[in-house]
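J.: compute the structure for the input listed below.
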Amino acid sequence: MIHQTLVDIFTAFKNLKVLVIGDVMLDAYIYGVVDRISPEAPVPVLNVKSRDQRLGGAANVALNVQSLGAIPILCSVIGEDVPGIEFLGLMTSSGLRIDGIVRSTHRQTTRKNRVISGGHHLLRIDEEEDQSLNKEEQKLLKTRVLEIIKDCDAIIMEDYDKGCLDQLLISEIIEEAQRLKIPVAVDPKKRNFLHFKGASLFKPNLKELNEGLKVNIDPTQHRTIHEAIGLLDEQLGCQNYLITLSEHGVFASKGKQFVGHPAHVRAIADVSGAGDTVISIAALGLTLDLPLAFWSELANLGGGIVCEYPGVVPIDAEQLLEEALAHPLFEPFFNP
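T.: The predicted structure is shown next:
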């Protein structure tokens, strides 16, 4: 590696500009206390104590990129509605650029409302629509993307199946990125699963991999994961694959290189948003041309860290660096 220390790598992150494209949302939380059952129906009555809203979806990926020291530019489509105004307000207060955001009168801003009492989720209420963008929205988003892409060092496509990404836009982004020699990292969902041909990094989780390939993989058997990646590669031809396996860790490949990392023992509070952290770290590591085993393990470590915190939160770069410095698996890269 051209970087001499872990600190050098984290310093190098600060020189990167990353375009993040995909579905965005507000993650809303209603916290309260339940001490009785409603007389109207056999349901708990929540006495609301506080509320909170956070940036979610591709916006949380942008926050992770920012927390790691790089500069994110978010491109997406939101509605001309109150949640849309609140979303832009959170972007501004978080220090994120808003020039890549398209607002549409034909679309609702996604908001996921989580009702929580005593640390337990009681209910989630989703306000969303997931149809594909109309032609006007597609044109506006594509224009924003192509204006910004030429100044970026990396691209992350974060698909939450809400309609922001479609096959045509995906292929046009990857084609332009290949022309400009910009790496593209992809976090897929079911609808567009096999549309990301030629991406630099393809990162499904186990559920997405099973649904996308219509298989049932045993995460404890590396042979079956090898075979699944082979099937993926036949259809996508991506340069790198990173499969997140929840409590079984991660599995990564590049050509004939394969590496698996077990999950780190954690006090899990909430797994929401862990995939956003993983793709952000992996994309930055890939952009710096770090070894497969290095960036996949760093992403694995970061994904575990954010699971210790309730709600959707970006990675704390200082904590990630501190834990990585204490991790013996990183030593061989600097002390061969």
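
J.: how many neighbouring residues does S93 have?
T.: 9 (other C-beta atoms under 10 Å). From N, CA and C alone the C-beta is placed, and that goes for glycine too.

J.: ok, now how distant is it from L201?
T.: The gap separating S93 from L201 is 30 Å, by C-beta to C-beta, to the nearest Å.

J.: also A317?
T.: 20 Å.

J.: P183 now?
T.: 7 Å.

J.: can you pull out the helices in the stretch 101-250 of the chain?
T.: 135-149, 167-180, 206-213, 222-236 (DSSP state H, counting those that start in this stretch).

J.: got the contact list for stretch 104-118?
T.: 23-34, 44, 46, 56-57, 77-81, 83-84, 87, 121-129, 133-134, 136-137, 140, 162, 311 (C-beta atoms under 8 Å, 6 or more residues apart in numbering).

J.: now those: which count as buried?
T.: 23-32, 46, 56-57, 77-79, 81, 83-84, 87, 128, 133, 137, 162, 311 (16 or more other C-beta atoms under 10 Å).

J.: please flag which of the residues you listed sit within strands.
T.: 24-32, 46, 56-57, 77-79 (DSSP state E).

J.: list the contacts for P72?
T.: Contacts of P72 by C-beta under 8 Å, 6+ apart are V18, L19, V20, V61, A62, L63, V65, Q66, L96, R97.

J.: inside strands: which ones of these?
T.: Filtering the contacts of P72 for strands - DSSP E - leaves V18, L19, V20.

J.: which one of these sits closest to T244?
T.: Nearest to T244 among these is V20, at 18.4 Å by C-beta to C-beta.

J.: mind checking pLDDT for that closest one?
T.: Looking at V20, its pLDDT reads 98.

J.: I'd say it and I73 touch.
T.: Yes - using C-beta atoms under 8 Å, V20 is in contact with I73, at 6.9 Å.

J.: compare the two and say which is more crowded by neighbours.
T.: Counted by other C-beta under 10 Å, V20 and I73 do not tie: V20 has more neighbours, with 33 against 23.

J.: how close does that one get to N60?
T.: 10 Å.

J.: put together CSV for the helices of the stretch 101-250 of the chain, with mean pLDDT on each row.
T.: Formatted as CSV, these follow (pLDDT from 0 to 100):
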stretch, mean pLDDT
helix 135-149, 96
helix 167-180, 96
helix 206-213, 92
helix 222-236, 92
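
J.: among these, show me which one is buried the most.
T.: helix 206-213 (a mean of 18; mean count of other C-beta atoms under 10 Å).

J.: packing partners for that helix?
T.: helix 222-236, strand 240-244 (3 or more C-beta pairs under 8 Å, 6 or more residues apart in numbering; DSSP states H and E).

J.: now do the contacts for the residue positioned nearest the centre of the chain.
T.: Note on the chain: the residue nearest the mean C-alpha position is D276, at 2.4 Å, using C-alpha atoms, centre = their mean. By C-beta under 8 Å, 6+ apart, D276 lies in contact with G57, N60, V61, N64, E158, D187, V312, P314.

J.: hmm, S272 and the second one touching each other?
T.: No - applying C-beta under 8 Å, one finds N60 not in contact with S272, separated by 9.1 Å.

J.: of these two, who's got more company?
T.: Each of N60 and S272 had its neighbours counted (other C-beta under 10 Å), and the higher figure belongs to N60 (26 against 20).

J.: rewinding a little: neighbour count winner among P183 and L201?
T.: L201 (27 against 23).

J.: what bridges to that one?
T.: A185, N240 (DSSP bridges).

J.: list the contacts of it.
T.: 183-186, 238-242, 279, 282-283, 286.

J.: show me what the helix or strand containing I9 is packed up against.
T.: If you go by DSSP states H and E, I9 is part of helix 6-13. With contacts taken as 3+ C-beta pairs under 8 Å, 6+ apart, helix 6-13 sits against helix 317-325.

J.: show me how far the helix it packs on is from its chain's centre.
T.: 20 Å (C-alpha atoms, centre = their mean, to the nearest Å).

J.: contacts only, for the closest residue to D187 other than its chain neighbours.
T.: In space, and not counting its chain neighbours, D187 is closest to I279: 4.4 Å by C-beta to C-beta, 6 or more residues apart in numbering. Neighbouring residues of I279 by C-beta under 8 Å, 6+ apart: V61, I156, E158, A185, D187, L201, K203, A299.

J.: just among these, which is most surrounded?
T.: V61 (32 neighbours).

J.: before we move on, back to that, which neighbours do P183 and L201 share?
T.: What both P183 and L201 touch, as defined by C-beta under 8 Å, 6+ apart, is the set A283, L286.

J.: of all the contacts of I279, which two lie farthest apart?
T.: E158 and A299 (14.5 Å).

J.: of the helices of the stretch 101-250 of the chain, which approaches A12 most closely?
T.: helix 167-180 (20.1 Å).
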